[in-house]
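K.L.:
How does the following fold in three dimensions:
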Amino acid sequence: MKLKFNNIRDLADARYAAAMMAEWMGFETGGENDLSAAEIQEILGWCSGPTVVLEVKSGANLDKIQSLLELLPFTAIEAAGDNIENLKSRFGTSIQQWIAVDSASPDADFFHTPHLTSDNNSICRVNPGETTPESVISAQPVAMSLDCFDSVSTGIKDFEVWNHFFEELGLD
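P.N.:
Numbering: from 1, shown residues only. Predicted structure coming up:
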């Protein structure tokens, strides 16, 4: 099963995603959890493996997107389905994968869904602690994504919920 970690916030998130052999690692732009290009570069300098996704929120600044794409190794963009065509026409030459958020788009390679499904191009959003491992096993999704979370205290994260969830799925 492919994994996507959404909204990477720090090195701990990125290292966890890489250790889990995630397919995708997403960094937000245009939202409340934006990281600077320097912060993203520092994180990427310490880990490798997953495809690096720029998660474009509605109303994100196009000049900032252009700058991030020029400075960093983003090879995928995730955005609202109705915004993908616009982004693709502007930034399509350097992007290899397109992910639509919560809606199928003819211009997207994958789409996020809040429902567990085994569709070949869907990435099912799960919430460990809310979504049960049994429901994931039953649905057998092709891919699932998890939202990263804030630190418990400065520099300290508690991944116990994720660890337990992945252990029950047999992905540890």
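
K.L.:
residue ranges for the strands of this protein, please.
P.N.:
2-6, 24-29, 51-56, 76-80, 97-101, 110-113, 122-125, 143-147 (DSSP state E).

K.L.:
Mean neighbour count and mean pLDDT added to those, as CSV?
P.N.:
Heads up, the C-betas are built off the backbone N, CA and C, glycines and all. Below are the strands of the chain laid out as CSV (neighbours: other CB atoms under 10 Å; pLDDT from 0 to 100):
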stretch, mean neighbour count, mean pLDDT
strand 2-6, 22, 96
strand 24-29, 24, 96
strand 51-56, 23, 96
strand 76-80, 24, 95
strand 97-101, 22, 94
strand 110-113, 22, 91
strand 122-125, 22, 92
strand 143-147, 21, 94
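
K.L.:
Need those strands in TSV (columns: distance to Gly45).
P.N.:
Below are the strands of the chain laid out as TSV (distance: least, CB to CB, whole Å):
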stretch	distance to Gly45
strand 2-6	17
strand 24-29	13
strand 51-56	12
strand 76-80	19
strand 97-101	22
strand 110-113	27
strand 122-125	26
strand 143-147	23
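
K.L.:
low-confidence ranges in the chain?
P.N.:
Low-confidence segments of the chain (pLDDT under 70): 152-155, 172.

K.L.:
got the contact list for Met1?
P.N.:
By CB atoms under 8 Å, 6 or more residues apart in numbering, Met1 lies in contact with 140-144, 169, 171.

K.L.:
If we only consider these, which is nearest to Leu69?
P.N.:
Set against Leu69, the nearest of the contacts of Met1 by CB to CB is Ala143 (23.4 Å).

K.L.:
From the contacts of Met1, which land in helices?
P.N.:
Judged by DSSP state H, the subset of the contacts of Met1 located in helices is Leu169.

K.L.:
just the contacts of Met1 now: which is nearest Asn121?
P.N.:
Val142 (7.7 Å).

K.L.:
can you give me the helices in this structure?
P.N.:
11-19, 37-45, 62-71, 81-91, 133-139, 160-169.

K.L.:
contacts for the fifth one?
P.N.:
Just to be clear, that refers to helix 133-139. 116-118, 124, 126, 144, 165, 168-169.

K.L.:
quick one: terminal-to-terminal distance for stretch 114-126?
P.N.:
Using CA to CA, to the nearest Å, one end of stretch 114-126 lies 7 Å from the other.

K.L.:
Show me the contact partners of that stretch.
P.N.:
2, 4, 6, 99, 102, 108-113, 131, 135-136, 138-147.

K.L.:
Pull the distance from stretch 54-66 to the chain's centre.
P.N.:
In terms of CA atoms, centre = their mean, to the nearest Å, the centre of stretch 54-66 is found 15 Å from the chain centre.
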